[in-house]
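Undergrad: Using only what follows, build the 3D model:
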Amino acid sequence: MIGGCGVSRKALAALLVLCFGLVSCGRPIGVMQAAGTVPPGTSRVDLLVATTRAADENPAVLFSGERGTGLMVDAVDVSIPPEANRKAGQVQWPRRLPADPLKDFVTVAVDPLDGEKAGENWLRTHMPKSKRVLIFVHGFNNRYEDAVYRFAQIVHDSHADVAPVVFTWPSRASIFDYNYDKESTNYSRDALEELLRRTANNPAVGDITVMAHSMGTWLTVEALRQMAIRDGRVASKINNIILASPDLDVDVFGRQFQSLGKDKPHFTIFVSQDDRALALSRRISGNVDRLGQIDPSAEPYRSKLEAAGITVLDLTKLKTGDRLNHGKFAESPEVVKLIGDRLIAGQTITDSEVGLGEAVGAVAMGAAQTAGSAVSLAVSTPIAIFDPRTRRNYDSQVRRLGQSMNNTVGSVGDSVGAGLPEDPQ
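TA: Residues are numbered from 1 along each chain as shown. Down below sits the predicted model:
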């Protein structure tokens, strides 16, 4: 592990090569200083931010990368520049302070919320008609403001009909503190479980989706596992779990998943075989596959994913501005839109504009002239979708077309669905 005696010089050199892609360079310190007002034309995202970080001495920083005691909660409002001045999928950091709200993300207000009741009231007053809550858990090498601004961007660009909540754990935001960050996720498990339980117990909340990125996926799955062991199941309102570029040992995830019990939330995983950050993590973690870098069409993953009912979106062919290919889920407008339109609502991913999905159903029911249209669609799309629920929906229609059609469709995706660890329940 990084920072330990087991890291080879070669692995450390590879880490240094990635340094410039991971380190936040040239940003001014103090972006969390509340501006109070912003000009017309900007958009505003109101967030509930819960953290296990220690308070920073600088009030314009708010929280440091050190470990605090207990769970601190703030209401944070962030303004987004007008659509004409930005590109979807991007966080526009100010080059200097004060920031220009017409060009930059700006912190508008920060209000500490004292006590569980204050957080409950915030959720009630910000609850949309859908009664959905989206909780975001960031990954390795993130400052407090990184988590806040990134999630504000995701909420804004996805147009998600949710009450947005950020859980930010103590990260020193240094590539040389991988070990510290990993232990900080373990340090924060109880607090995240507490936040999940509070949210699920709130009568104003009807549905919860948890979305985690990178190392934050370890924290998320561990907190869910704790909840399942403590209560016999994951809270019933937690219906969807989204793991983006999960920095998880696939063997360990298999055990964690089994521990969640019979009534599990539905899992969606974003993977990319060209994820350079996870390639390095794999190298320094015993050369065991990382969950976020698997090929879901290859065995043994295809069968195990399908048996577990896990949806996988393979973003390998998708190109974004991320040099590490580790943040595609947030930087791709198409993927962010999927999150807002489909995943949070718990819908099956069958959009023919994105993947095979409905195209297979259309071919199976004779709505398309040839299977070739489905073949060309699956090959050309940059997002390959492996959804076992879609496969089950269309299985009978596919069978009616006969073995030749079945073989044609099978050769395209090998299976519209796939899934991960086998579920013994």
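Undergrad: was I right about Phe63 contacting Ala54?
TA: Yes - assessed by C-beta atoms under 8 Å, Phe63 is found in contact with Ala54 at 6.8 Å. For glycine as for every other residue, the C-beta is placed from the backbone atoms N, C-alpha and C.
Undergrad: Between the two, point out the one with more neighbours.
TA: Set Phe63 next to Ala54 and count neighbours by other C-beta atoms under 10 Å: Phe63 wins out with 23 against 15.
Undergrad: For the more buried one, which non-adjacent residue is spatially closest?
TA: Arg53 (3.8 Å; C-beta to C-beta, 6 or more residues apart in numbering).
Undergrad: packing partners for the helix or strand hosting that neighbour?
TA: In this structure, Arg53 sits in strand 43-55 according to DSSP states H and E. If contacts are counted by 3 or more C-beta pairs under 8 Å, 6 or more residues apart in numbering; DSSP states H and E, strand 43-55 sits against strand 63-80, helix 116-125, helix 144-158, strand 163-168, helix 189-201.
Undergrad: Helix 144-158 and that strand, what's the angle between them?
TA: 150 degrees (axes from the mean of the first three to the mean of the last three C-alpha atoms, to 10 degrees).
Undergrad: which of the residues in strand 43-55 are buried?
TA: Val45, Asp46, Leu47, Leu48, Val49, Ala50, Thr51, Thr52, Arg53 (16 or more other C-beta atoms under 10 Å).
Undergrad: how about it as PDB, C-alpha atoms only?
TA: Below are the C-alpha coordinates for strand 43-55, written out as PDB (Å, rounded to 0.1, in the frame of the first residue of the first chain):
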ATOM      1  CA  SER A  43     -28.400  28.200 -10.900                       C
ATOM      2  CA  ARG A  44     -28.400  27.200  -7.300                       C
ATOM      3  CA  VAL A  45     -28.000  23.800  -5.700                       C
ATOM      4  CA  ASP A  46     -28.800  23.400  -2.000                       C
ATOM      5  CA  LEU A  47     -26.900  20.500  -0.300                       C
ATOM      6  CA  LEU A  48     -26.900  18.900   3.100                       C
ATOM      7  CA  VAL A  49     -23.300  18.100   3.800                       C
ATOM      8  CA  ALA A  50     -22.400  15.600   6.600                       C
ATOM      9  CA  THR A  51     -18.700  15.000   7.500                       C
ATOM     10  CA  THR A  52     -16.400  13.200   9.900                       C
ATOM     11  CA  ARG A  53     -13.600  15.700   9.200                       C
ATOM     12  CA  ALA A  54     -12.100  18.000  11.800                       C
ATOM     13  CA  ALA A  55     -13.000  21.700  11.500                       C
END
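Undergrad: Sheet-wise, list the partners of that strand with their directions.
TA: Using DSSP bridges, strand 43-55 pairs in its sheet with strand 63-80 (antiparallel), strand 163-168 (parallel).
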